[in-house]
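Q: model this:
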Amino acid sequence: MEISRDLVAGLTIAIGSIGPALGIGWFVSAAMEALGRNPEAERAISTNLIVALAFTEAIAIYALVVALAVKFVV
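A: Numbering: from 1, shown residues only. Predicted coordinates for the structure are as follows:
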């Protein structure tokens, strides 16, 4: 039995985006809590949040690239 490339690509992007989605939610939740406790630190919190979100989003983009490679190249 051969597994379809479409199925593998779909599972790759589905599983590969679960972690980043949970991470982004956790980071934003922690940032909002930190802002609620210390509003004066908004600039530092926002800067660190943006960097963390960029790195986390990169993981989802890697999963998309792998899924496209599976679908069209392999």
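
Q: for residue 6, what are its contacts?
A: By Cβ atoms under 8 Å, 6 or more residues apart in numbering, the residues touching residue 6 are residue 71. For the C-beta atoms, the positions are set from N, CA and C on the backbone; glycine is no exception.

Q: what about 10 Å?
A: With contacts defined as Cβ atoms under 10 Å, 6 or more residues apart in numbering, residue 6 is in contact with 67, 70-71.

Q: most neighbours of all those, which one?
A: residue 67 (22 neighbours; other Cβ atoms under 10 Å).

Q: give me the element that residue is part of.
A: Using DSSP states H and E, residue 67 sits in helix 42-72.

Q: what's the longest helix in this structure?
A: The longest helix of the chain (DSSP state H) is helix 5-37.

Q: could you give the mean pLDDT of it?
A: Averaging pLDDT along helix 5-37 gives 94.

Q: stretch 57-74 too?
A: For stretch 57-74, mean pLDDT is 92.

Q: now do the buried residues in it.
A: Within stretch 57-74, the residues scored as buried using 16 or more other Cβ atoms under 10 Å are 60, 63, 66-67, 70-71.
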